[in-house]
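**Student:** the following block contains a protein sequence and its predicted model.
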Number of protein chains: 2
Amino acid sequence: MSTDDSTVAQRIHDGFDRLTRAERQLANIILENYPVSGLGSITALAENAEVSTPTVARMARKLGFGGFPEMQAQLRHELEATISDPLTKHDKWAADAPDTHILNRFADNVIDNLRNTLKYLNAAEFDKIVALLSDTKHTVAVVGGRLSHTLASYFFTHMQMMRDGVTLIERNSSSWPHYLLSLKEGDVLVMFDMRRYEQDLLRFAEMAQARGVKIILFTDQWGSPAGKAATHQIHSRIEVPSTWDSSVVTMFILEAIISAIQSQSWESSKDRIEELEALFEKSRLFRKFV
Amino acid sequence: MSTDDSTVAQRIHDGFDRLTRAERQLANIILENYPVSGLGSITALAENAEVSTPTVARMARKLGFGGFPEMQAQLRHELEATISDPLTKHDKWAADAPDTHILNRFADNVIDNLRNTLKYLNAAEFDKIVALLSDTKHTVAVVGGRLSHTLASYFFTHMQMMRDGVTLIERNSSSWPHYLLSLKEGDVLVMFDMRRYEQDLLRFAEMAQARGVKIILFTDQWGSPAGKAATHQIHSRIEVPSTWDSSVVTMFILEAIISAIQSQSWESSKDRIEELEALFEKSRLFRKFV
DNA sequence: ATGGTTCTGTCAATATAATTACACAATTAA
DNA sequence: TTAATTGTGTAATTATATTGACAGAACCAT
């Protein structure tokens, strides 16, 4: 009996002549709503095709499977191939390196992370976040954890170029109460808290929430405990073949947000940016190196 | 409990905040390969998510189903709808947003950047960079420009966890001569210089090169002038539909490098990292907030 | 640190699914 | 028509999946 990996549909077609009356009846039901009808229990399938369960089991054998569960596993396997995005199946990224090279494995993984993050990211919520951050009537404070401080800093740098009233909260939590004092009701706190969630950030979030501050939380797929206090949160997929987690997807979202804010407030920020560029030009003169 | 007919994915998202740690872990596995991973037995799913079977059953209840089989039936039902609906497209990133939404445009663009960057990235050179950075006989200094300082800082933070002799050079270029003094022949300088290349960085690179320092330069597709002085350089694609450039691809390569260094020097860095983690645990006690 | 609370896994019980054995039905060849 | 053959369903058996009870672990507030 063939133990190849051809699809169930293929096997049914190839072996159709050898099938008996009841089996053909069953085969047609399977093909009719393929492959979903084959994914329930053997009993359900048998009832659906109006044959007995042993008929189903026998046919699975006849098609070369060890039994019904084996055939079902094959169906699931096929389904997976059908459903997954062809983009992720891009076989190689760095052409001159083997598939197993870290660059290729990393690339597959990151794309997968991005895809799964975006699949479940709510676009309406994204837009709300952009609106909140564009609103210059309220100040924006940015805070990050041990490893995510860099993301906070990256975001801050760009925000600062676009608008007034943006603060980067220092890494050292002993100074946080001071920052808290200056946050008023309606102000916005952008927080980063990834795996190995930090106590201090949770406390900070709770206290900020108590003051009526709106919190935008960037966290991972499992969710920081600070989520309880957050107005909006974005979950990024962060797992990669590494000892550490990946910030790539979060960075991606930050950039998309920055871009959205920018295009939304282009008129008001255009001058600001030009002015800023001019200042940098000028300051360069002072910084003659050596 | 709601007995509506919303999708499992929907329910997971709506109820995510109410889910516990193990449940979130499970939820992510379900969403990761949706809906296929949920179509096997409860046992298989539990193993896949590394939780116990009762956790799976409990979550199904929590999401408003009568039990696991009921949830599974819903998954099959959804699948049927998805498969028979020819309009379901898999070529969108954020499914609930229009093609023209910034998230989708950004995603297309970033993937393109990644693809083109990797296409022209030399794997052998990548490996040489990894080897250079793994070599603890020489020190590593990291320096960035106005906007790329965050990348420098991100890289530094991770390098510091893996090995000794890593320095982050401050943003302010007036102090750079001091850093230069401590760089000896054979030492490694990691430099970031993207579009709007900075004079100071170029000078710094030249002087470092004169001292026999090996320079690893991260730059954009057009190449920083500091490339003349660099031993190795990596060009990332940085253009996106935004006023600013994207750091996503560079971040990706940094993480791949970090991962490669890590797995190469796992034996020697394992203890270091454990020790570090222990120290962080301890210091947490001092950091009681408020 | 400590006691209370919530979470989560192990194990046992129960329910369901899948297979086997077998008897009868249908089909075919003489 | 009838004996042989093949096909099919029922019922029993076995295997597997699912759920429930509980106890230890983790977490949280004090």
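**Tutor:** Everything's here; your move. Numbering: from 1, shown residues only, chains lettered A, B, ... in the order given.

**Student:** from chain B, how far out is the spatially most central residue of chain A?
**Tutor:** For chain A, the residue nearest the mean C-alpha position is A:T117 (1.3 Å; Cα atoms, centre = their mean). Using Cβ to the nearest Cβ, to the nearest Å, A:T117 is found at 9 Å from chain B. No exception for glycine: its C-beta is placed from N, CA and C like everyone else's.

**Student:** check A:L75 too.
**Tutor:** Note on A:L75: its distance to chain B, by Cβ to the nearest Cβ, is 9 Å.

**Student:** where does the stretch 1-150 of chain A dip in pLDDT?
**Tutor:** By pLDDT under 70, the weakly predicted segments of the stretch 1-150 of chain A are A:1-5, A:84-97.

**Student:** so which residues on it come close to DNA strand C?
**Tutor:** Selection of the stretch 1-150 of chain A residues close to DNA strand C by Cβ under 7 Å from any atom of the strand yields A:21, A:41-44, A:53-54, A:56-57, A:60, A:66-69, A:72.

**Student:** that older thread, which phi and psi does the residue nearest to the centre of chain A have?
**Tutor:** Dihedral angles of A:T117 (phi, psi; degrees, to the nearest 10) stand at phi -70, psi -50.

**Student:** next, the contact list for it, please.
**Tutor:** Shown in contact with A:T117 (Cβ atoms under 8 Å, 6 or more residues apart in numbering or on different chains): A:221, A:235-237, A:249, A:253.

**Student:** by neighbours, which of those wins?
**Tutor:** Tallying neighbours with other Cβ atoms under 10 Å in any protein chain shown puts A:V249 at the head of the contacts of A:T117, with 29 neighbours.

**Student:** could you give the angle of the host helix or strand of A:F156 to helix B:149-162?
**Tutor:** Counting by DSSP states H and E, the element that carries A:F156 is helix A:149-162. Helix A:149-162 and helix B:149-162 are oriented at 170 degrees to each other (axes from the mean of the first three to the mean of the last three Cα atoms, to 10 degrees).

**Student:** residues in contact with helix A:149-162?
**Tutor:** By Cβ under 8 Å, 6+ apart, helix A:149-162 touches A:133, A:140, A:142-144, A:166-169, A:171, A:190, A:192, A:218, A:247, A:250-251, A:254, A:258, A:261-262, A:265, A:269, A:272-273, A:276, B:147, B:150, B:153-154, B:157, B:244, B:247.

**Student:** tell me the one of the contacts of A:T117 nearest B:I102?
**Tutor:** Of all those, A:I253 has the smallest distance to B:I102: 10.6 Å, by Cβ to Cβ.

**Student:** in this structure the closest one contacts A:H232, no?
**Tutor:** No: counting by Cβ atoms under 8 Å, A:I253 stays clear of A:H232, with 12.0 Å between them.

**Student:** thinking again about what came up before, just the buried subset of the residues of the stretch 1-150 of chain A next to DNA strand C, please.
**Tutor:** The neighbour count (16 or more other Cβ atoms under 10 Å in any protein chain shown) marks A:42, A:44, A:56-57, A:60, A:68, A:72 as buried among those.

**Student:** CSV for the residues you listed, including secondary structure?
**Tutor:** Formatted as CSV, these follow (DSSP: H, G, I helix; E, B strand; the rest coil):
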residue, secondary structure
A:I42, helix
A:A44, helix
A:V56, helix
A:A57, helix
A:A60, helix
A:F68, helix
A:Q72, helix
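
**Student:** so which of the residues you listed comes closest to chain B?
**Tutor:** Nearest to chain B among these is A:Q72, at 8.5 Å by Cβ to the nearest Cβ.

**Student:** returning to that earlier point: in strands, which of the contacts of helix A:149-162 appear?
**Tutor:** Judged by DSSP state E, the subset of these located in strands is A:140, A:142-143, A:166-168, A:190, A:192, A:218.

**Student:** which of the residues you listed are buried?
**Tutor:** Buried members of these, counted by 16+ other Cβ under 10 Å: A:140, A:142-143, A:166-168, A:190, A:192, A:218.

**Student:** measure the closest residue to A:T7 other than its chain neighbours to A:T219 for me?
**Tutor:** Leaving aside its sequence neighbours, A:T7 sits nearest to A:E78 (Cβ to Cβ, 6 or more residues apart in numbering or on different chains; 5.4 Å). Here A:E78 is placed at a distance of 35 Å from A:T219 (Cβ to Cβ, to the nearest Å).

**Student:** comparing those two, which residue is more hemmed in?
**Tutor:** Neighbour totals were compared for A:E78 and A:T219, and A:T219 leads with 25 against 20 (other Cβ under 10 Å).

**Student:** show me what contacts whatever residue of chain A ends up closest to DNA strand C?
**Tutor:** Going by Cβ to the nearest atom of the strand, DNA strand C is nearest to A:G67 of chain A, at 2.2 Å. When contacts are counted by Cβ under 8 Å, 6+ apart, A:G67 touches A:57, A:60-61.

**Student:** could you redo the last one with a cut-off of 10 Å?
**Tutor:** By Cβ atoms under 10 Å, 6 or more residues apart in numbering or on different chains, the residues touching A:G67 are A:42, A:56-58, A:60-61.

**Student:** ok, A:S182 next?
**Tutor:** Applying Cβ under 10 Å, 6+ apart, the residues near A:S182 are A:139, A:141, A:167.

**Student:** how much space separates it from DNA strand D?
**Tutor:** Using Cβ to the nearest atom of the strand, to the nearest Å, A:S182 is found at 26 Å from DNA strand D.

**Student:** next, count neighbours for the closest residue to DNA strand D within the stretch 151-290 of chain A.
**Tutor:** Distances between the stretch 151-290 of chain A and DNA strand D by Cβ to the nearest atom of the strand are smallest at A:P225, namely 5.6 Å. A:P225: 16 surrounding residues under other Cβ under 10 Å.
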